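[1] Whatever this is, show me its structure:
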Amino acid sequence: LQRLIKLYLDAGAWDDAVELLRSEIEEASPQDDPARYARMNLELARVEREQLGDLGHAARHLQAAIKADPESVEAMRSFGELYLDSGKATKEGSHKAAIILLKAAQLAHRRKNEEEALRLARRCLALRPDDMQAGRLLETILQSREEWVDLEELYAQQLAYQQGPRAEGVLLKRAELLETK
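    So this is what the prediction gives:
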């Protein structure tokens, strides 16, 4: 069945692939193999979103994937991207997508996937430049990787959105960075 699904996906037979994925998900139990159940829902959500434009069903399958495997960075990232694709490009929609992407970045960081954590933290900050948690996470990653130029850019960006004592803290970090260079 997995090979047939892959064949359908490779051939672009989206409706057939969706039908098989749905039947496999209905027969599977999230308790028996949560990671597999999450992967199936994630794949189905990807096809529904990217190929069929069915964001409602894609959202339900992403929620099922996250429920089955709450530590899935891919599912969390996909859910954040889906939220952005849903046409809710309002300030509130961007805020909610940023929260989801930050959770994905934190998961990736805990799993020692620094590249993914870095991408997700930056994406979160692109949506919400004033997000303190995303800024701290990005700062931690950049410091551990000794990426001083990027860290300097982060501090400059933070200064554009910080006021008062928060700005003073960023200025002090920036001064320390310049001393260590």
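
[2] contacting residues for the residue nearest in space to the middle of the chain?
    The residue lying closest to the centre of the chain (CA atoms, centre = their mean) is R77, at 2.4 Å. By CB atoms under 8 Å, 6 or more residues apart in numbering, R77 lies in contact with L101, A104, E116, L120. No exception for glycine: its C-beta is placed from N, CA and C like everyone else's.

[3] Skipping its backbone neighbours, what lies nearest the third one in space?
    What that stands for is E116. Distances taken as CB to CB, 6 or more residues apart in numbering place A108 nearest to E116, at 4.1 Å, with adjacent residues excluded.

[4] Show me which residues of the helix or strand harbouring L154 are buried.
    Assigned by DSSP states H and E, L154 belongs to helix 148-161. Of all the residues in helix 148-161, those buried under the rule 16 or more other CB atoms under 10 Å are D150, L151, L154, Y155, Q157, Q158, Y161.

[5] Q157 and G80: what is the separation?
    Per CB to CB, to the nearest Å, Q157 is found 20 Å from G80.

[6] and the residue nearest to E116, how many neighbours does it have?
    Counted by other CB atoms under 10 Å, the residues lying close to A108 total 24.

[7] Quick check: which element contains it?
    Per DSSP H and E: A108 is located in helix 91-110.

[8] dump the residue contacts of E48.
    If you count contacts by CB under 8 Å, 6+ apart, then E48 has V18, D54, L55, H57, A58, H61 around it.

[9] Please work out the average pLDDT along the helix or strand hosting the residue nearest to the centre of the chain.
    Assigned by DSSP H and E, R77 belongs to helix 73-85. With pLDDT averaged residue by residue, helix 73-85 scores 89.
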